[in-house]
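**Q** This is the structure alone, sequence omitted:
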C-alpha cells in the first residue's frame with residue numbers, strides 16, 4: 001500500500017532485493033515486477049471500479065525519485081481524476097493503518113486471495 005493514498009488504491013511494487021534504480025536490477029526481476037504491477041492493476045480495476053491506470057517509476061532524484069530503492073507505482077484512476085497530476089509526497093498526508101488495511105483487503109479479494 002502507498003502510505004499516501006492520493007488515489008484510492010495507490011500501490012507500490014517493491015523488490016526484496018535492494019537496487020536504487022532500474023539500471024541496477026537484472027532484466028528478469030524487472031519483468032517480474034512489471035508483471036506483478038499489471039496483475040495488481042487488474043485487481044484495482046475490479047476492486048474499486050477504476051477506469052484508468054498509471055504504472056510508472058522514477059529513477060534518481062532528478063527524475064523525481066524520493067526513495068533510493070527501486071519501486072513501481074500502480075495508480076488507479078477514476079472519472080474526474082486529473083491524469084496530468086503527478087504524485088508529490090509532500091502534497092498528501094499519510095492515511096491510517098485502518099484505511100490501508102481496508103484498501104489492501106479489497107485488493108486481496110479482487111486477486112482471489114481473500
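**A** Looks like it arrived, so ask away. Predicted model only: the values in this text are computed from it and were never measured.
**Q** Which helix runs longest in this protein?
**A** helix 27-48 (DSSP state H).
**Q** which is the next helix or strand following it?
**A** The helix or strand immediately downstream of helix 27-48 is strand 52-56, counting by DSSP states H and E.
**Q** Could you list the paired strands of the helix or strand just after that following strand along with their orientation?
**A** Per DSSP H and E, strand 52-56 leads on to strand 72-77 as the next helix or strand towards the C-terminus. Using DSSP bridges, strand 72-77 pairs in its sheet with strand 11-13 (antiparallel), strand 52-56 (antiparallel).
**Q** most neighbours per residue, which of the ones you listed?
**A** With neighbours defined as mean count of other Cβ atoms under 10 Å, the strands paired with strand 72-77 peak in mean count at strand 11-13, which reaches a mean of 21. All C-beta atoms are positioned from the backbone trio N, CA, C, and that covers glycine.
**Q** how about the nearest residue to residue 17, chain neighbours excluded?
**A** Nearest residue to residue 17, sequence neighbours excluded (Cβ to Cβ, 6 or more residues apart in numbering): residue 29, at 6.6 Å.
**Q** so how many other residues sit close to that neighbour?
**A** 16 (other Cβ atoms under 10 Å).
**Q** That one and residue 47: what is the separation?
**A** Distance of residue 29 to residue 47, computed by Cβ to Cβ, to the nearest Å: 26 Å.
**Q** Kindly report the same for residue 26.
**A** 31 Å.
**Q** okay, these two: which has more neighbours?
**A** residue 47 (21 against 10).
**Q** excluding its backbone neighbours, what's nearest the more buried one?
**A** residue 110 (3.8 Å).
**Q** Packing partners of the helix or strand the one you found falls within?
**A** Element membership of residue 110 [criterion: DSSP H and E] is helix 97-111. Packing contacts for helix 97-111, counted by 3 or more Cβ pairs under 8 Å, 6 or more residues apart in numbering; DSSP states H and E, involve helix 27-48.
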